[in-house]
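1. Below is the sequence, then the predicted model.
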Amino acid sequence: WLFANTGNGAKSSAILYSIIETAKANGLIPYDYLVTLFEELPKRQTNESLDDLLPWNVRSRW
């Protein structure tokens with residue numbers, strides 16, 4: 001990434017952009033998808049599956 005000051009910053013940006021672009025590729029509004037993730041992730045147990053929060057599975061919620 002051109003404007004990342006550190007390797008960790010570049011990695012974090014790449015992860016965030018990947019999540020956003022995958023949401024868009026699956027027909028979701030990125031903001032709404034991120035809100036859903038931020039609301040649902042804290043409710044999860046550590047060993048609980050995250051498959052139902054993947055962008056291609058979330059579509060049915062909206």
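-> Great, that's in hand. Numbers count the residues shown, from 1 in each chain.

2. Helix or strand for the closest residue to residue 33 other than its chain neighbours, just tell me which one.
-> Excluding its sequence neighbours, the residue lying closest to residue 33 (CB to CB, 6 or more residues apart in numbering) is residue 23, at 4.2 Å. Heads up, the C-betas are built off the backbone N, CA and C, glycines and all. Element membership of residue 23 [criterion: DSSP states H and E] is helix 7-25.

3. Give the buried residues for that helix.
-> For helix 7-25, the neighbour count (16 or more other CB atoms under 10 Å) marks 20, 23 as buried.

4. how about the CA coordinates for it, as CSV?
-> These are the backbone C-alpha positions of helix 7-25, laid out as CSV (Å, rounded to 0.1, in the frame of the first residue of the first chain):
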residue,chain,number,x,y,z
GLY,A,7,3.9,-3.2,7.5
ASN,A,8,1.2,-3.8,10.1
GLY,A,9,-0.7,-0.8,8.9
ALA,A,10,-0.5,-2.1,5.3
LYS,A,11,-1.7,-5.5,6.5
SER,A,12,-4.6,-4.0,8.4
SER,A,13,-5.6,-1.9,5.4
ALA,A,14,-5.5,-4.9,3.1
ILE,A,15,-7.8,-6.9,5.5
LEU,A,16,-10.3,-4.1,5.8
TYR,A,17,-10.4,-3.4,2.0
SER,A,18,-10.8,-7.1,1.3
ILE,A,19,-13.8,-7.3,3.6
ILE,A,20,-15.4,-4.3,2.0
GLU,A,21,-14.7,-5.4,-1.6
THR,A,22,-16.0,-8.9,-0.8
ALA,A,23,-19.2,-7.4,0.6
LYS,A,24,-19.7,-5.3,-2.5
ALA,A,25,-19.0,-8.3,-4.8
